[in-house]
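J.: What shape does this take:
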Amino acid sequence: IETINLELILADIEHLERRLDRTRKAAKADKKLLRDVEILESLKAHLEEGKTARTFEGFGEDEDIDRVIGESDLLSAKKVIYAANMDEEGFTGNDTENERLKAVQAIADAEGAMVLPICAKLEEDIAGMDAEEKEMFLSELGLHESGLDRLIKVCYDLLGLMSYLTAGEQEVRAWTIEKGTKAPQAAGKIHTDFERGFIRAEVINYKDLIELGSLAAAREKGLVRSEGKEYVMQDGDVVLFRFNV
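T.: Purely as a prediction, here's the structure:
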């Protein structure tokens, strides 16, 4: 972790020096940029201490700092998940006493990162199994899902993402959107016309649809809701968008 972070920090310093030079020159004509120069100088000093940009004081709290770091596209500012590869015994047992895992967790806690314990050997074993075999194998180990599935969920959560579904006779598709997205903007992910001519969204929870077996059955039970422009999409919504352009 230290080696990788150091390489990222060195690359960021080199990139930041070029931007700082350009911003200093531009600030001579535009005094509004003096705040950017101040932030960039403080950030460069922070990096030169061997600290990542994501641990810079004010990052995530100050709009100016967030803007400057965002525009700089620094590698060490990216959100991080540390995947801790453990042996089978440690992974399925009491991993809280694993000293190496504790060390990784301490680093993650200090910089607001996440840790995901996985077992590459188990992932290799289940890679060639069908769904039923995989479920039985994981159940015997006291696990509910594979490490890959957990990694995908953690990545989505860390990035503030979620999925909704569209289901038709030809295909079922998942669409990735940011959490908090409203129905018209979610529809726009499929096609801009859907957002422009949005009328309403017919929504049902994924679990309800699976349990009932069809949209027709769900409609009979009154479980398909009609939502308007202010509806905030929920993870796992199955949606039919009505629109007119």
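J.: Against residue 167, how distant is residue 203?
T.: Residue 203 sits 12 Å away from residue 167, going by CB to CB, to the nearest Å. Every residue, glycine included, has its C-beta placed from N, CA and C.
J.: Show me the common contact partners of the two, please.
T.: Among the neighbours of residue 203, those also in contact with residue 167 (CB atoms under 8 Å, 6 or more residues apart in numbering) are residue 238.
J.: Comparing these two, which residue is more hemmed in?
T.: More neighbours surround residue 203 than the other of residue 203 and residue 167, with 20 against 16 (other CB atoms under 10 Å).
J.: in the protein, which helix has the most residues?
T.: helix 2-27 (DSSP state H).
J.: Tell me the helix or strand right after that helix.
T.: Downstream of helix 2-27, the first helix or strand assigned by DSSP states H and E is helix 34-48.
J.: Which pLDDT value belongs to residue 123?
T.: Looking at residue 123, its pLDDT is 89.
J.: Point me to the helix or strand that includes it.
T.: helix 120-126.
J.: any residues touching that helix, and which ones?
T.: With contacts defined as CB under 8 Å, 6+ apart, helix 120-126 is touched by 85, 87-88, 91, 133-134, 137-138, 141, 146-148.
J.: and those, which are buried?
T.: Neighbour counting over the contacts of helix 120-126 (16 or more other CB atoms under 10 Å) leaves 91, 134, 138, 146-147 as the buried ones.
J.: ok, residue 83 to residue 89 distance?
T.: For residue 83, the distance to residue 89 equals 18 Å [CB to CB].
J.: quick one: least confident of the contacts of helix 120-126?
T.: Least confident of the contacts of helix 120-126 in the model: residue 91, at 76.
J.: Count the residues that sit near residue 4.
T.: Applying other CB under 10 Å, I find that residue 4 has 11 neighbouring residues.
J.: Next one: it, what pLDDT does it get?
T.: What the model reports as pLDDT for residue 4 is 93.
J.: The most centrally placed residue in the chain: what's it in contact with?
T.: In the chain, the residue lying closest to the centroid (CA atoms, centre = their mean) is residue 159, at 2.3 Å. By CB under 8 Å, 6+ apart, residue 159 lies in contact with residue 79.
J.: Got the phi and psi for it?
T.: phi -90, psi 0 (degrees, to the nearest 10).
J.: Residue 161 now?
T.: phi -110, psi 160.
J.: so who does the nearest residue to it once chain neighbours are set aside touch?
T.: Nearest residue to residue 161 in three dimensions, chain neighbours excluded: residue 176, at 5.6 Å (CB to CB, 6 or more residues apart in numbering). Residues near residue 176 by CB under 8 Å, 6+ apart: 156, 161-163, 189.
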